Structure formats: C-alpha cells, structure tokens
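**Student:** My questions concern the predicted model and sequence given below.
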Amino acid sequence: MAALQMNRDLAFGAGAYGLGAGIFFVGYVLLEVPSNLVLARVGARRWIARIMAIGPRGFLGGLSRVLATARVLIAGGEAILEDLGSKNGTHLNGNRVTMPVRLSDGDEIRLGAINLTFRIAGLMSPTETLANG
C-alpha cells in the first residue's frame, strides 16, 4: 500500500522503488545488525545512553549537524536552498550559496562532489529520461 502511494506521489516506477528499498535494507543490515551486537556486549543502559548522547537530536549536538551540509525548505509553495556551514560550500548553478536562495525546476545543486538536479513533481513525465552529462 505504501509503495503504491509513494510511487504515485513521487512519480517512481517499480524499479526506482525497488532500488530504494534495497538500499534501505543494505543500510539496515550494515548498521543495525552490528549495533545490536554491540548492544548485547555492552548492555542496554550504556548503549541507550550512547544513543541519547550522540544521536540525531542528542544533547551533544548530534551527528546530523556534523553530516548535514545543506537543506531544502518548502514554504509557501516555494523551495528554498540553504547552506548549513559546509566546509566545501553548497553551489547552485555554479555559484556558491551564501544565503537562502529560491530553487527552480532544473536547477543544478552541487554538494562537495555530489551533483543533483532539482525537479518539481508534475512538470515532467514520470517516464521522461534525462541525458547524463
């Protein structure tokens, strides 16, 4: 049921959904299984304290702040790109982002070595193929 709604809302095909589910499963196995093995070795009290201390919203600031480089906020029907103080900077269409900036369909975002294309659902056909460049 969730797959059908997500596929429709995000214009995913069965292959894209299967790839995403597979990546999630691999991540779960690589991270959660070892985590549970450590839990068995050190005990729940210590392991839960560790999670509270360094978890995404833990009292030490969390790993999400360390790993986050940029974010896209959706407000008032607009998408806004914001750099979160990344070391290598966030770039939009080749220009470094120094303040929040509005995104448009087709904008090119670079986060370090990762290049992304911003797309607005509904403006392109779900079966449209984009050329790699």
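**Tutor:** Done, it's in.
**Student:** okay, CA-based contacts and neighbour counts for the rest of this
**Tutor:** OK.
**Student:** My guess is Ala70 contacts Glu82. True?
**Tutor:** Yes: contact criterion C-alpha atoms under 8 Å: Ala70 and Glu82 qualify, at 5.6 Å.
**Student:** Could you check how many residues crowd around Phe118?
**Tutor:** Using other C-alpha atoms under 10 Å, Phe118 has 15 neighbouring residues.
**Student:** I'd like the distance between it and Gly106.
**Tutor:** According to C-alpha to C-alpha, to the nearest Å, Phe118 stands 5 Å off from Gly106.
**Student:** what does the host helix or strand of Ala79 rub up against?
**Tutor:** Per DSSP states H and E: Ala79 is located in strand 78-83. Contacts of strand 78-83 from elsewhere in the structure, counted by C-alpha atoms under 8 Å, 6 or more residues apart in numbering, are 69-74, 89-90, 97-104.
**Student:** Tell me what Arg96 is bridged to.
**Tutor:** Note on Arg96: beta-bridge partners by DSSP bridges are His91.
**Student:** Distance of Glu82 relative to Ser35?
**Tutor:** As judged by C-alpha to C-alpha, Glu82 and Ser35 stand 33 Å apart.
**Student:** Wait, a strand at Leu116?
**Tutor:** Yes: counting by DSSP: H, G, I helix; E, B strand; the rest coil, Leu116 is located in a strand.
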